[in-house]
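> give the three-dimensional model of this entry:
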Amino acid sequence: MSKEHLLVIEDEEDILALIHYNLAKDGFKVTCATSGEEGLRLAKKEPPDLVVLDLMLPGLDGLEVCQAMKKSAELAAVPIVMTTAKGEEADVVRGLEMGADDYVTKPFSPKILMARIKAVLRRRGTAEAEGDQTEALRIHDLVIHPGRNEVIAAGQAVELTFTEFRVLHFLASRPGWVFTRYQIVNAVRGDDYSVTDRAVDVQIVGLRKKLGPCGKYIETVRGVGYRFKE
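This next block holds a predicted model:
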């Protein structure tokens, strides 16, 4: 059985070569691009199973590429692992808010990057497999369908990013339970994921906004975290 197809968008040739070498060595099919424009063109031509995306790109930068992918019907579900330079926390938060799945800070160990990539692919595959067997969750005036990655709020379809959907499903599956930001991250991304409290808060803010009046069901528990209203 062949391995997944990965697209790497990175303008630094030495880093691109390092990533390509390690992915190919592990059996992945790898396509490379050195600019955001080229990366999007290649992604649309042959949608990959995952994109490794540098945030600092010439021309169309990584955040713009991420945004364009998430607005595309063909590429919206493709997971993204961002590579970032130190001191780019604000951009990391924005990337996660747009729907990126994980990030690695430069300089990084190839082993760490490989582990993150495999974890994202594994989580996505597990979520899809479980979703196909899970019935819709109905609570208050929300219908959350894991198999379709679909949310209906007060009769209206709501478009969420992959991460936003998982956060909502996690909280709504356990109404009344209070979870810390750390517990939420562990549940939706895995305990090997490093993220700031701010990034979790961004996901919650985005969820509340998209859910409209139904956003009130996600309650803040000061000094602790969040819960879904019983």
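> right, and Leu75 touches Pro47 too?
Yes: using CB atoms under 8 Å, Leu75 is in contact with Pro47, at 5.9 Å. No exception for glycine: its C-beta is placed from N, CA and C like everyone else's.
> return the helix or strand in the chain with minimum mean pLDDT.
The helix or strand of the chain with the poorest confidence is helix 110-132; it has a mean of 73 (mean pLDDT, DSSP states H and E).
> ignoring the adjacent residues along the chain, who's closest to the residue nearest in space to the middle of the chain?
Closest to where the C-alpha atoms of the chain average out (CA atoms, centre = their mean) is Asp101, at 2.4 Å. Distance criterion CB to CB, 6 or more residues apart in numbering; nearest residue to Asp101, sequence neighbours excluded, is Pro79 at 4.4 Å.
> show the model's pLDDT score for that neighbour.
pLDDT, Pro79: 88.
> could I get the contacting residues of Arg208?
Gly215, Lys216, Ile218 (CB atoms under 8 Å, 6 or more residues apart in numbering).
> thought Ile144 was touching Val151, still the case?
Yes: between Val151 and Ile144 there is a contact under CB under 8 Å: 5.4 Å.
> mutual contacts of these two, please.
Phe165, Leu168.
> higher neighbour count, these two?
Higher neighbour count among Val151 and Ile144: Val151, with 25 against 22, using other CB atoms under 10 Å.
> where are the low-confidence patches of this structure?
Scanning the chain for pLDDT under 70 picks out 1-2, 86-88, 123-134, 189-197.
> all strands of it, in order?
5-9, 29-33, 50-54, 80-84, 102-105, 137-139, 142-145, 150-153, 156-158, 178-180, 218-221, 225-228 (DSSP state E).
> of these, flag the one that's most buried.
Of all these, strand 50-54 carries the top mean neighbour count, a mean of 26, counting by mean count of other CB atoms under 10 Å.
> orientation of it relative to strand 5-9 in degrees?
Per axes from the mean of the first three to the mean of the last three CA atoms, to 10 degrees, the angle that strand 50-54 makes with strand 5-9 is 10 degrees.
> got the contact list for Leu7?
Leu7 touches Val30, Thr31, Cys32, Ala33, Gly39, Leu42, Ala43, Pro48, Leu50, Val51, Val52, counting by CB under 8 Å, 6+ apart.
> how is the protein partitioned into domains?
5-129, 134-228 (automatic domain parsing).
> what about Ser109, how many residues nearby?
9.
> next one: Lys111
9.
> Thr180 reaches Arg227, doesn't it?
No: with contact defined as CB under 8 Å, Thr180 does not reach Arg227; the gap is 10.6 Å.
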